[in-house]
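Student: I need the structure of the sequence given here:
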Amino acid sequence: MAQPQMERPAELMVWQGARAAPGPRETRRFPTLRAALAAAAGADDPETLPWIVTADGDVLSPHWIDGHAPRSAARPMRLRP
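Tutor: Now for the predicted structure:
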């Protein structure tokens, strides 16, 4: 992803568990995608599923987040149902 995109606003939505729920458990806006990615990676509950929506409307999945998160903020391994 291009560096300028990393510096643009993003929204983090955290869903609980692997099943679809009526809505996210938590929604937070961040000034940068970099900050949203760090927050998503820093979640300590392996049952949560973070999704990020970028300023351009791209939706970043938990799998994408796990692959691009800063190594210092790696999430615990998620349990697969």
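Student: So which residues of this protein form strands?
Tutor: 10-16, 26-30, 48-54, 59-60 (DSSP state E).
Student: Serialize those strands to a markdown table and add fields for mean pLDDT, mean neighbour count and distance to L37.
Tutor: Where C-beta positions appear, they are placed from N, C-alpha and C, glycine not excepted. Below are the strands of the chain laid out as a markdown table (pLDDT from 0 to 100; neighbours: other C-beta atoms under 10 Å; distance: least, C-beta to C-beta, whole Å):
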| stretch | mean pLDDT | mean neighbour count | distance to L37 |
| --- | --- | --- | --- |
| strand 10-16 | 90 | 19 | 8 |
| strand 26-30 | 92 | 14 | 9 |
| strand 48-54 | 92 | 20 | 7 |
| strand 59-60 | 95 | 16 | 8 |
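Student: how about those in JSON lines, adding distance to A36?
Tutor: Shown next, in JSON lines, are those (distance: least, C-beta to C-beta, whole Å):
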{"stretch": "strand 10-16", "distance to A36": "4"}
{"stretch": "strand 26-30", "distance to A36": "4"}
{"stretch": "strand 48-54", "distance to A36": "5"}
{"stretch": "strand 59-60", "distance to A36": "9"}
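Student: Show me the one of the ones you listed that comes nearest A38.
Tutor: strand 26-30 (8.7 Å; C-beta to C-beta).
Student: Off-centre distance for that closest one?
Tutor: Computed by C-alpha atoms, centre = their mean, to the nearest Å, the chain-centroid distance of strand 26-30 equals 10 Å.
Student: now swap in stretch 50-63 and tell me
Tutor: Centroid separation for stretch 50-63 versus its chain: 7 Å, with C-alpha atoms, centre = their mean.
Student: what's the answer for stretch 52-67, then?
Tutor: 6 Å.
Student: Noted, bye for now.
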